[in-house]
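S.K.: requesting a structural model of the entry that follows:
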Amino acid sequence: MSAADGMNYAPQGKPAPACEPGELVFAALGLDHGHIYGMCNGLSEAGATLSLVWDPDPEKVKSMLERFPGAVAASSEQEVLEDSRVRLVACAAVNSERAGIGLRVMEHGKDFFVDKPPLTTLGQLEAARQATARTGQKYAVYYSERVHVEAAVFAGQLVEQGAIGRVVQVLGMGPHRANVSRRPAWFFDKQRYGGILCDIGSHQVEQFLFYTGATDATVTSSRVANYGHPAYPGLEDFGDCSLVADNGAAGYFRVDWFTPDGLSSWGDGRLFLLGTDGYIELRKYLDVARDTTGNQVYLVDGKGEHHFCVSGQVGYPFFAQLVRDVLDRTETAMTQEHAFKAAELAVTAEMQATKLA
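M.R.: Got it, this is the predicted structure:
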């Protein structure tokens, strides 16, 4: 998959099996977003085995099986849900449909691994929370801009080691390429994609919580707009949001669909972490006009200025942790409450947003 195409960008790492062959069997259900490839790549590299694939669109199923020839097409969603071998179901259906699928998956005694946003309303969130408590199953979320980006993984390690002291502010910028001519109809329907802050903004909220170590936050300001796509009135192509964490840390992020065609990547994603003893900048997907290699990390601390290019150096430990969490019933990859809290704040920011002209 091309790095210029965010819709189908699927990072590939080095195999790092966390289980024996066949020990964790999973299925893919709902293939509307290309992130499903990255999700299944990550699980497969961690040793899990993709067995069944289902989507109402046979062309999507065909493309998936070409990438994962060891899997077979299921005849229906029900076949996936009733297959006793399947322990985990990966899903990248239309945003508004993900929660409903997740509820059915968990009620059938399987864990759920869903693309972001994991849901689009607070009602869906409450239903998912109740279902995880009732069934004991997992509702794991693929917040790929942190868990599937080596620069973001490395930054987390630096923060954990105390490299910049206490993180007091997170500034995120998440531009994306719109590719409107290639997008499905649901991409332009706010009821189906959830709005820009709910959708791609959920990445930024999750990173804010993670790097600051916060367990909750308040949305203090949020705004959305359709500045450049009047032919698609349901699309929000700009959004921003300010937050304050329960530990006092501040956050701000901007997301948009304005990546120009001249950029070699689908988006010049940046993240800035301000600490009491230094700061970190991530240039996730390229170093614009200098280097098309992504995963550039800049650290400034009391000892000096430091630059790290960590592509191919750090890996993606989230997937091995998730595999073990499913098998061992632990919670090491990401806590359930963290996954839900990021979704809750993203939906809240969308609901409260001021619409700019």
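S.K.: what is the rounded mean pLDDT of stretch 20-36?
M.R.: The average of the pLDDT scores along stretch 20-36 is 98.
S.K.: same question for stretch 348-357.
M.R.: pLDDT averaged over stretch 348-357 gives 97.
S.K.: tell me the centre residue of this protein?
M.R.: The C-alpha lying nearest the average C-alpha coordinate of the chain belongs to Y143 (Cα atoms, centre = their mean; 2.0 Å).
S.K.: got the contact list for it?
M.R.: K116, S202, H203, E206, Q207, M334, A339, A342 (Cβ atoms under 8 Å, 6 or more residues apart in numbering). To be clear about C-beta, it is placed using only N, CA and C from the backbone, and glycine gets the same treatment.
S.K.: just W186 next, same as before
M.R.: D32, V94, N95, S96, R192, Y193.
S.K.: how does it look with 10 Å?
M.R.: D32, H33, A93, V94, N95, S96, E97, R192, Y193, G234 (Cβ atoms under 10 Å, 6 or more residues apart in numbering).
S.K.: likewise D111?
M.R.: Applying Cβ under 10 Å, 6+ apart, the residues contacting D111 are 24, 26, 86-90, 102, 105, 132, 135-140, 322, 325-326, 329.
S.K.: those residues, buried ones only, as a PyMOL selection?
M.R.: Here is the PyMOL command that selects the buried residues among those (16 or more other Cβ atoms under 10 Å):
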select buried, resi 24+26+86+87+88+89+90+102+105+132+135+137+138+139+140+322+325+326
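S.K.: sketch out the low-pLDDT regions of this protein for me.
M.R.: 1-9 (pLDDT under 70).
S.K.: residue ranges of the helices in it, please?
M.R.: 35-45, 58-67, 77-82, 98-107, 122-135, 144-147, 150-160, 190-193, 201-212, 317-328, 336-352 (DSSP state H).
S.K.: in JSON lines, list those helices along with distance to N295.
M.R.: What follows is the helices of the chain, written out as JSON lines (distance: least, Cβ to Cβ, whole Å):
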{"stretch": "helix 35-45", "distance to N295": "15"}
{"stretch": "helix 58-67", "distance to N295": "23"}
{"stretch": "helix 77-82", "distance to N295": "35"}
{"stretch": "helix 98-107", "distance to N295": "28"}
{"stretch": "helix 122-135", "distance to N295": "32"}
{"stretch": "helix 144-147", "distance to N295": "12"}
{"stretch": "helix 150-160", "distance to N295": "4"}
{"stretch": "helix 190-193", "distance to N295": "28"}
{"stretch": "helix 201-212", "distance to N295": "15"}
{"stretch": "helix 317-328", "distance to N295": "15"}
{"stretch": "helix 336-352", "distance to N295": "22"}
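S.K.: for V244, find the nearest of those helices.
M.R.: Proximity to V244 (Cβ to Cβ) singles out helix 201-212 among the helices of the chain, at 10.1 Å.
S.K.: ok, back up a step: give me whichever of the helices of the chain is most buried.
M.R.: helix 201-212 (a mean of 27; mean count of other Cβ atoms under 10 Å).
S.K.: can you name every helix or strand that that helix contacts?
M.R.: helix 144-147, helix 150-160, strand 167-175, strand 217-225, strand 238-245, strand 250-256, strand 270-275, helix 336-352 (3 or more Cβ pairs under 10 Å, 6 or more residues apart in numbering; DSSP states H and E).
S.K.: for T292, find the nearest of these.
M.R.: Nearest of the helices and strands packed on helix 201-212 (Cβ to Cβ): helix 150-160, 14.3 Å.
S.K.: among the helices and strands packed on helix 201-212, which is nearest Q78?
M.R.: Nearest of the helices and strands packed on helix 201-212 (Cβ to Cβ): helix 336-352, 26.1 Å.
S.K.: off-centre distance for the closest one?
M.R.: 13 Å (Cα atoms, centre = their mean, to the nearest Å).
S.K.: so who does the nearest residue to D277 once chain neighbours are set aside touch?
M.R.: Excluding the flanking residues, the one nearest D277 by Cβ to Cβ, 6 or more residues apart in numbering is G165, at 3.2 Å. Applying Cβ under 10 Å, 6+ apart, we find G165 in contact with V159, L274, G275, T276, D277, G278, Y279, D301, G302.
S.K.: end-to-end on stretch 253-269?
M.R.: Length of stretch 253-269, first residue to last, Cα to Cα, to the nearest Å: 11 Å.
S.K.: check which residues of it are buried.
M.R.: Under 16+ other Cβ under 10 Å, the buried positions of stretch 253-269 are F253, R254, V255, D256, W257, T259, L263, S265, W266, G267, D268, G269.
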